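> Quick one: sequence and predicted model below, then my questions.
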Amino acid sequence: MTAPSRVHPAATERGINGHKRLLTLAVLAITVLLATMVSLAVGAQNLHPAAVWDALLSPGRDPAATAIVRELRLPRTILGLLVGIALGTAGTLMQGHTRNALAEPGLLGVSAGASFAVVIGIQLGARTPAGYIWFAFAGALIASVVVFATAAGRRGGPTPITLALAGVAVSALLASFTQSILLSDDASLNAFRFWVVGSLSGRDAGTAAQVAPFIVAGLALALINAPALNALGLGDDIARALGQRIAVARTVGVVAIVLLAGAATAACGPIAFLGLMVPHLARAFTGPDHRWLIPCSALAGATVLLTADVIGRVIVSPGELQTGIVLAAVGAPFFIALVRRNRTVQL
């Protein structure tokens, strides 16, 4: 008689965790689809889901609904999906590379660099989101390169501590430059405040098309960086013993953060707290494995951003509350609770 085969408990546990993560990914994908449909249907004029489908698939049946969905809400929803994916992924990378539970994409100077560049663009005559976007992206890129070069030092490459310190220093310096220009020029201040609040409104389909290639490239680099990030979470010495090239892994991660956060900030302005909250929400279901955490954070980021945008349209209808303000109202208590917790989720 053949002896019954035995399954090792560790293998069983891995199988259970794998099923749980797949279920989490599937649920998040469904929530993204639901949030997308709600974003297309809800606003100053609510539409029935059937009217939304008709506007998307048979645009000639109802010209009014078609105009609302295809010309106003669809570009805004696509941009929200892209920006949410970008900020959720960038926040996960930032927390992983700095091993800091409170880190978010702006820590690398992305927001400060983009803001300073937008002010310069306004001084040079840019007055619309389409005019700001390339200034903002260039500013985010240059500021992040300066932070990375400063953190790298003379030898050994950047470390989590030097990246954080360099990011804070460069951000503070650029913020002071930005404020000095704004305080001396009322016209620049009036134009800048509409961008800096963080919003999906006022952007056309061209904005999403402009930032999409950078976000796709950043997401690809993030997924490539995931195995190395798991090793870095064990400490640099262990990661090096496992065959990881520390400097290369951090460089790939920083480039991904710059592409993702820079493109998102350029398109919509600084949107605070999303990159901080989403990785913690996803980590509660996936654990610290970045091969699962990154795609789950991307989907969760898209869901949270679209939901915040819809809430902003509803609570002050027929007016609109900017998405950045809604997220700040939710994110500030989350940040305080995270700081006050005695035990945070391990990164």
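That came in fine, so what should we check first?

> Mind pulling up the pLDDT for the closest residue in space to P158 that isn't next to it in sequence?
Spatially, and ignoring its direct neighbours in sequence, P158 is nearest to A151 (3.8 Å; C-beta to C-beta, 6 or more residues apart in numbering). Where C-beta positions appear, they are placed from N, C-alpha and C, glycine not excepted. On pLDDT, A151 comes in at 82.

> could you say which helix or strand contains A151?
Assignment of secondary structure by DSSP states H and E places A151 within helix 129-152.

> Next: T251.
Assigned by DSSP H and E, T251 belongs to helix 246-268.

> going on from that helix, what's the next piece of helix or strand?
Counting by DSSP H and E, the next helix or strand C-terminal to helix 246-268 is helix 274-286.

> So what touches that following helix?
20-21, 24, 84, 87-88, 90-92, 94-95, 101-106, 261, 292-293, 296-297, 300-301, 304-305, 327, 330-331, 334-335, 338, 345, 347 (C-beta atoms under 8 Å, 6 or more residues apart in numbering).

> Buried residues of the helix holding A151, list them for me.
By neighbour count with 16 or more other C-beta atoms under 10 Å, helix 129-152 contains the buried residues 129, 131-133, 135-148, 150-152.

> As CSV, could you dump the C-alpha coordinates of it?
Output in CSV follows, covering the C-alpha atoms of helix 129-152 (Å, rounded to 0.1, in the frame of the first residue of the first chain):
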residue,chain,number,x,y,z
PRO,A,129,-2.7,73.0,-17.1
ALA,A,130,-1.5,72.1,-20.5
GLY,A,131,1.1,74.9,-20.2
TYR,A,132,2.2,73.9,-16.7
ILE,A,133,2.7,70.2,-17.3
TRP,A,134,6.1,70.2,-18.9
PHE,A,135,7.5,72.8,-16.5
ALA,A,136,6.1,70.7,-13.6
PHE,A,137,7.6,67.4,-14.9
ALA,A,138,11.0,69.0,-15.6
GLY,A,139,11.0,70.5,-12.1
ALA,A,140,10.1,67.2,-10.4
LEU,A,141,12.8,65.4,-12.4
ILE,A,142,15.6,68.0,-11.7
ALA,A,143,14.7,68.2,-8.0
SER,A,144,14.8,64.4,-7.7
VAL,A,145,18.1,64.1,-9.4
VAL,A,146,19.6,66.7,-7.1
VAL,A,147,18.2,64.8,-4.1
PHE,A,148,19.5,61.5,-5.3
ALA,A,149,23.0,62.9,-6.2
THR,A,150,23.2,64.6,-2.7
ALA,A,151,22.1,61.4,-0.9
ALA,A,152,24.6,59.3,-2.9
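
> can you give me how far it is from the chain middle?
16 Å (C-alpha atoms, centre = their mean, to the nearest Å).

> same deal with stretch 225-241?
23 Å.

> Show the contacting residues for the residue nearest in space to the middle of the chain.
Residue closest to the average C-alpha location in the chain (C-alpha atoms, centre = their mean): L87, at 0.3 Å. Contact partners of L87, counting by C-beta under 8 Å, 6+ apart, are 105, 260-261, 264, 271, 274-275, 278, 301, 305.

> in what helix or strand does it lie?
Applying DSSP H and E as the criterion places L87 in helix 74-98.

> I'd like the next helix or strand past that helix.
Criterion used, DSSP H and E; the element after helix 74-98 is helix 110-123.

> Need phi/psi at L242.
phi -80, psi 0 (degrees, to the nearest 10).

> sorry, that was for L47
Backbone geometry at L47, expressed as degrees, to the nearest 10, gives phi -120, psi 150.
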